[in-house]
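> Fold the following, please.
(chains A and B)
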Amino acid sequence: MATHLIVKKSGDDGAYTTIAAAIAASTSGTSEDWSTITIDDAETYDELINFGALDYIKIIAANNCTIAPNPPNVASPVTMGSIAPANIQFDVANGANPTLAPAASQADKLPLFAWGNTHPVNLLVNGWKMAPTAGTGWLIAEGKAPGSAVKFDSCEASDGPWTTDKILKLDKAVSLTVLDCNMENVETAEVFAQIGPETVVNFQRSSIATDVLLAIEGPTAGTGGELSVINNMFFLRDVNKVFLDLSDGVNATGGLIAHNLFMRLGEPSTLVTAIKTPYNNVDVSNNIFIGLGTVGTIDGAVTVTANNNCVYDCNAGFVGNWAEVGTVITDPKLGDGGDLEPDSPCIDAGVDIPTVTVDIKGRPRPSPEGGKWDIGPCEFQHEDPGPGPEPEPGNELINATFVREVAEKVWLIYVK
Amino acid sequence: MARFDNITTEIPPEGAGEAYGTVNIILTAENDGARAGRFAKFSNGKLVPMESADDTPAGVVLRDLTLPVDTDPDDAPLVDCLIKGMVTVEADPVEGLPEVGAQLYVTADGRVAEASGDEGGD
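Residues are numbered from 1 along each chain as shown, chains lettered A, B, ... in the order given. Okay, here's the model as predicted:
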């Protein structure tokens, strides 16, 4: 039977004063009735979270609390799946903005969320900010157990000490979902996510700064991977790497790379390549590429679709056997926050992708409704024409006839 | 033609709200803001301005030349309202003039117009 416990440092109303105490008193929930631990104050909790054998358990921040284990708690702040498979959620309520802010000094690439090689974890983190306050080598999550499913929704990574080589290590995960996340402050990561060849990847409406978005590694080429990379902003560095290399991945069910911005901040790069694919079932459409070495390359004798992309200030465009249609080779004219300026050539210049109905900011796409899709992550919002001028009120026929005009705007009439 | 010319030449270019002819039907009613020279409607037994073209017009309010000069005609406690007959009325011309004998329309504010007003509304 699920438990529903409250944590307050004050202990008011019978609340538990520590998260660990609440976990110790909790039982596993079920898929229909999760156990919950609600943190109902804005205090800082200096403790490690270990769910042990608990399953279907959710931590809810109902206030702007902080979980900040300090030395000597030199370990991952959150541990799960160490004994048994686990379904774990970190969620928010009441519009809270909680933070996971460990402050241990680490040189061993310690993950904020950790699980092992054996028991899969189904982890959802919604609305939390990851902000290590001290130490080096932090990564956000590491779990090698096959079958794990990981989802980050509306999360943010601070500009803390992210000096690790990878931010997510999920070698054999079945899925990785990143929605509405801001990871652009993680500038030092060489790889954002290491995944397996069969991992289903879904990145949408997020901002990420890294050298390599996905490192797909596995003993054999994947057979079931699938890729959706839509409405994101990627900020690339001037390195001789491929930002999104699909080798050994997405070779069975295809992928869609659409409405993204691949941008080199600062001087244009001559080194970095945005996309490399050996597969012909990947659709690269409606993206903007700025200041890159090469936009896209093909690994092998395949033809890959590239519809209506914007390429600006790049050393080379789509190199190889791309089926390239509608490429716009001019300044996309991006304004504040990546929005398209009113005179942007990307407005209404995209190919129709009916499955993409919002832009990176959640605004409707296309705009106006029934119009054309724009190129890039932001949809230019055409002004609502409104209901139009108030129509003249209709006049009513009356039983009177015109005789003649006797003065300006004065008529002689006969009323019957 | 001569008949119409005869009538019109007898009418000086005066303002709206003048009744002409000898077969008119005119009611005197309490006034509650109805404006001379426009169609008005009845409300609670008083003549009040039209509020919508959908309102049923009672008739055209006539000018009262006997009012003191410092009295607003709209505030006259009693007014004459032409129910049937020949009268001048404020018009809302669009372009040109209707043909003689053309059916007329009333606007939401009690003027007459040659058209329904729906054209080009969308």
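> Quick check: residues of the stretch 301-416 of chain A near chain B?
When proximity is defined as C-beta under 8 Å from any C-beta of the partner chain, the stretch 301-416 of chain A approaches chain B at A:391-398, A:400-407, A:409-416. Glycine gets a C-beta too; all of them are placed from N, C-alpha and C.
> Give me the buried subset of these.
Listed as buried from those are A:392, A:394-396, A:398, A:400-407, A:410-415; burial here means 16 or more other C-beta atoms under 10 Å in any protein chain shown.
> mind checking the SS state of residue 64?
Defaulting to chain A. Of the three states, residue A:64 takes coil under DSSP: H, G, I helix; E, B strand; the rest coil.
> So what sits opposite the nearest residue to residue B:23 once chain neighbours are set aside in the bridge?
Spatially, and ignoring its direct neighbours in sequence, residue B:23 is nearest to residue B:85 (6.1 Å; C-beta to C-beta, 6 or more residues apart in numbering or on different chains). Beta-bridge partners recorded for residue B:85 (DSSP bridges): residue A:415.
> Make sure residue B:85 is actually in contact with residue B:26.
Yes. Using C-beta atoms under 8 Å, residue B:85 is in contact with residue B:26, at 7.5 Å.
> wait, what's in contact with the closest residue to residue B:91 other than its chain neighbours?
In this structure, residue B:91 finds its nearest non-sequential neighbour in residue A:411, 4.3 Å apart by C-beta to C-beta, 6+ apart. By C-beta atoms under 8 Å, 6 or more residues apart in numbering or on different chains, the residues touching residue A:411 are A:402-405, B:88-89, B:91, B:97, B:112.
> any idea which element residue B:55 lies in?
Residue B:55 belongs to no helix or strand when assigned by DSSP states H and E.
> next one: phi and psi at residue A:12?
phi -60, psi 150 (degrees, to the nearest 10).
> burial count for it?
11 (other C-beta atoms under 10 Å in any protein chain shown).
> Check residue B:25 too.
12.
> Endpoint to endpoint, stretch A:271-280 covers what distance?
In stretch A:271-280, first residue to last residue: 24 Å (C-alpha to C-alpha, to the nearest Å).
> Quick one: distance of the helix or strand encompassing residue A:412 to the chain centre.
Take DSSP H and E as the rule and residue A:412 turns out to sit in strand A:410-415. On the basis of C-alpha atoms, centre = their mean, to the nearest Å, strand A:410-415 sits 71 Å off its chain's mean C-alpha point.
> Please save the CA atoms from it in PDB.
Provided in PDB are the C-alpha atoms of strand A:410-415 (Å, rounded to 0.1, in the frame of the first residue of the first chain):
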ATOM      1  CA  VAL A 410     -31.700  65.200 -45.600                       C
ATOM      2  CA  TRP A 411     -34.100  63.300 -47.600                       C
ATOM      3  CA  LEU A 412     -37.800  63.700 -48.200                       C
ATOM      4  CA  ILE A 413     -39.400  60.400 -47.800                       C
ATOM      5  CA  TYR A 414     -42.900  58.900 -47.800                       C
ATOM      6  CA  VAL A 415     -43.700  56.800 -44.800                       C
END
